[in-house]
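Chemist: missing the sequence, but the structure's below:
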């Protein structure tokens, strides 16, 4: 199924590859929930990707797939592999994120993947000190660390009086501090891949910037799930937009933000708040995930939908899954006419 | 998760006990000394006891008594515990006072206290039920108070208060329904244990009185005649064990399903 | 409307988080309270809703004053509340219809009169339509809602009794941009209908996109901004 790859080929083996990945959670009365449909995604070494989409779009399941923690009762089709970087010219075994036994996955996760959870408070044991948790995180990666080194790490991310703070319980740490500690713990062993699930949703803007900066500095390849498109420029090279379990757009960040190809991406960008202007809203709701889709899932809410959009599900081609965009792409190389106000923070990375 | 084996077991026991006496007609108390202490046969599936009474009939009728007593005890304890537990969440002075009382009662050893109550009231199934309820409700009150406090922490209660809803509405319509669900697990387990405890008290002579058909009493007979008629033990011990096993497995299954959700 | 005058408040055993704070939210306007976490903006909300007693100063919401009698709860139907966690602000065992109707039901209980069953159903349907959930079956369980839908149900519940004021604590932080924009429009719509809306957020651009005035807790002189058009 997954052949070993030769590491180090220039631009060659991607770090992560999802091929036609389908994930269905069994539901009640035989109806399943299609969390992911036919997802194709590749992430190369050193790439930084933002995954954007509303709740239910599949972004959480995507992260789970990358972490290899899909629940056992999920029915999975297609493939998901992790290709660890190795020495150039040597063969490395790929890791089947779906099928590999839990023991192997656990070893892989510890060494190759770092995970920053959405809710930092929930990730820490409330009854033990923060230092205890961090030491355990290091141990999980097969390393040990002295308290002095730990304090130095925390100081480097701006935590005041780190030695004292380490002995305290998580309840006394602020959300921002905990999030920084979580990032440190997740990236300590310099994993090739770092996954972050909405790391800034509970944080204030300035703090969010700091956090994302920290993430960027401490990661090689990064996948960040986020709502916050304003914070994306300067953080990632690529943006992946998800809707109803599918990837609808997957393009370089700068391009996507200025010239979104998919109507949903355009709607998303128009709904970002700007001073002095009520944001545009997008009427309707995403379709329930309990039915297989016929035609484009976004068509009912799309201002530019045509009858043809309901006929077949658009495939992801050229970075976008939209019949109109494909047609336009074929006709005119200039891209779709949609234009949105660039985010004020987007100008300077 | 496989089928709820526990649930099936329980249903089997309950079904047998509810329907059995109607199907297997006969008087469980009818004596016939001519056929005393017979081993199981096609006439008497579980054999006969020292008075020639059919053991299967006694088991089924006794089950009705034991199970209904256990259900009444558990339901009443939960009800009283619910009321007291919710009141214990009120602000000072009422809440803390009730809580202190409940905590004290919970600390008392329940079996000893039940013995004391039975000593005061006298033996008999009815008094046993009263004793178990008196001894049993504080546990539920405390449990429910805990669940209620946890439920009250949820933002929807704050939102309700800010919109002007009164405490009665919030407790009665939001907190209580949530706590009852949480208590269902404890109550199911308790049912099994209460049944076993009832049998134990009867075995000791503190509950049902001869010649009533009751599982605990049947166990006592079984002990007395063990060398001569060991089959006397089969029915009541299996019945009690299956019921307790059934409730325990049912709870495990429900737990497992909740976890995998 | 909402009036906060020289308010000082804090949590038991700790120094005051809010000190000498003054704020005015006239009827028919949206006012945003901006600030990082820990600056006291949520504390102000808690005093306004009567959840937290004030240490000094006065607060008034229309004719009710939480500072007059500490611990008193607001009169039914005066205030509407929108919380940061939409799903947790709804009872998971209830249906959408019952949730939205609750302020009406509570008022009917209290005043021993009011709506017929039909009127109640119509009121719920109208309110759901107003928040763009007109196609949602009121018998739906609240646990079946997406986060965006849950927040709209919360807004419907907040509006149904015709409140004088609405307080919203970070109403969009859990939402994706499109759901957030709907919530923002609904809040603006409420204000345009005469309600005094007080919104707390750490997101400046958000507040400035729909509020008539934004108060920065870090710099208490109010910074005004007007919605375009």
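Modeler: The structure has been received and is ready for your questions. Here the structure is a predicted model, which is why all the values come from computation and not from measurement.
Chemist: alpha carbons only for contacts and neighbour counts from here, please
Modeler: OK.
Chemist: Find out how far stretch A:43-62 is from the centre of the chain, if you would.
Modeler: Centroid separation between stretch A:43-62 and its chain, computed with Cα atoms, centre = their mean, to the nearest Å, is 3 Å.
Chemist: no, scratch that, I was asking about stretch B:112-120
Modeler: Average the C-alpha atoms of stretch B:112-120, do the same for its chain, and the two points are 18 Å apart (Cα atoms, centre = their mean).
Chemist: Would you check how far apart the most centrally placed residue in chain C and chain B are?
Modeler: When chain C is reduced to its mean C-alpha position, the closest residue under Cα atoms, centre = their mean turns out to be residue C:167, at 2.6 Å. Distance, residue C:167 to chain B, by Cα to the nearest Cα, to the nearest Å: 10 Å.
Chemist: again, but for residue A:163
Modeler: 33 Å.
Chemist: The closest residue to that residue other than its chain neighbours sits in which helix or strand?
Modeler: Among residues not flanking residue A:163 along the chain, residue A:151 sits closest, at 5.4 Å (Cα to Cα, 6 or more residues apart in numbering or on different chains). For residue A:151, the enclosing helix or strand under DSSP states H and E is helix A:147-156.
Chemist: which helices and strands does that helix pack with?
Modeler: The contact analysis (3 or more Cα pairs under 8 Å, 6 or more residues apart in numbering or on different chains; DSSP states H and E) places helix A:147-156 against helix A:162-166, helix A:175-187.
Chemist: that's a helix at the residue nearest to the centre of chain C, yeah?
Modeler: No. Residue state for residue C:167 (DSSP: H, G, I helix; E, B strand; the rest coil) corresponds to strand; a helix is not indicated.
Chemist: Can you give me the separation between it and residue C:195?
Modeler: With the distance defined as Cα to Cα, to the nearest Å, residue C:167 ends up 10 Å from residue C:195.
Chemist: List the buried residues of stretch A:290-298.
Modeler: In terms of neighbour count (16 or more other Cα atoms under 10 Å in any protein chain shown), stretch A:290-298 has its buried residues at A:293, A:296, A:297, A:298.
Chemist: Out of those, which comes closest to chain B?
Modeler: Taking Cα to the nearest Cα as the measure, chain B sits nearest to residue A:293 out of the buried residues of stretch A:290-298, at 24.7 Å.
Chemist: Identify the residues contacting that closest one.
Modeler: Residues in contact with residue A:293 (Cα atoms under 8 Å, 6 or more residues apart in numbering or on different chains) are residue A:313.
Chemist: one more time with 10 Å, if that's ok
Modeler: The neighbours of residue A:293, taking Cα atoms under 10 Å, 6 or more residues apart in numbering or on different chains as the test, are A:34, A:37, A:244, A:287, A:310, A:312, A:313.
Chemist: Could you do residue C:15 as well?
Modeler: By Cα under 10 Å, 6+ apart, the residues touching residue C:15 are residue C:9.
Chemist: residue boundaries of the helices in the stretch 101-250 of chain B?
Modeler: In the stretch 101-250 of chain B, helices defined by DSSP state H, counting those that start in this stretch lie at B:110-121, B:125-152, B:155-162, B:167-169, B:176-203, B:215-224, B:234-259, listed in chain order.
Chemist: Could you point out which residue ranges in the stretch 1-150 of chain A have low pLDDT?
Modeler: A:1-13, A:28-30, A:86-93 (pLDDT under 70).
Chemist: Nearest to chain C within chain B, name that residue for me.
Modeler: Closest approach of chain B to chain C (Cα to the nearest Cα) occurs at residue B:156, with a separation of 3.9 Å.
Chemist: coming back round to it: can you list the helices of the stretch 101-250 of chain B in CSV and add distance to residue A:24?
Modeler: As requested, the helices of the stretch 101-250 of chain B are arranged in CSV below (distance: least, Cα to Cα, whole Å):
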stretch, distance to residue A:24
helix B:110-121, 50
helix B:125-152, 32
helix B:155-162, 32
helix B:167-169, 41
helix B:176-203, 30
helix B:215-224, 50
helix B:234-259, 18
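Chemist: do you know which of these lies nearest residue B:11?
Modeler: With Cα to Cα as the criterion, residue B:11 lies closest to helix B:234-259 of the helices of the stretch 101-250 of chain B, at 8.6 Å.
Chemist: who does the closest one touch, helix- and strand-wise?
Modeler: Counting contacts by 3 or more Cα pairs under 10 Å, 6 or more residues apart in numbering or on different chains; DSSP states H and E, helix B:234-259 is packed against helix B:5-23, helix B:55-87, helix B:176-203, helix B:215-224.
Chemist: Could you give the separation of the last one from the chain centroid?
Modeler: The reference is to helix B:215-224. 20 Å.
Chemist: what is the mean pLDDT for that helix?
Modeler: Per-residue confidence for helix B:215-224 averages out to 89 on the pLDDT scale.
Chemist: helix/strand/coil for residue A:99?
Modeler: Classification of residue A:99 into helix, strand or coil gives coil, according to three-state DSSP.
Chemist: Tell me the buried residues within the contacts of residue A:293.
Modeler: For those, a burial check counting by 16+ other Cα under 10 Å picks out A:34, A:37, A:244, A:287, A:310.
Chemist: Below-threshold pLDDT in chain B: ranges please.
Modeler: Per-residue confidence of chain B (counting by pLDDT under 70) places the weak regions at B:1-3, B:257-261.
Chemist: Residue numbers of it in contact with chain C?
Modeler: Taking Cα under 10 Å from any Cα of the partner chain, the part of chain B that reaches chain C is made up of B:154-167, B:169, B:173-175, B:177-178.
Chemist: Of the residues you listed, just the buried ones, PyMOL syntax please.
Modeler: Selecting the buried subset of the residues of chain B next to chain C in PyMOL, with 16+ other Cα under 10 Å as the burial test, is done by:
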select buried, chain B and resi 155+156+157+158+159+160+161+162+163+164+165+166+174+175+178
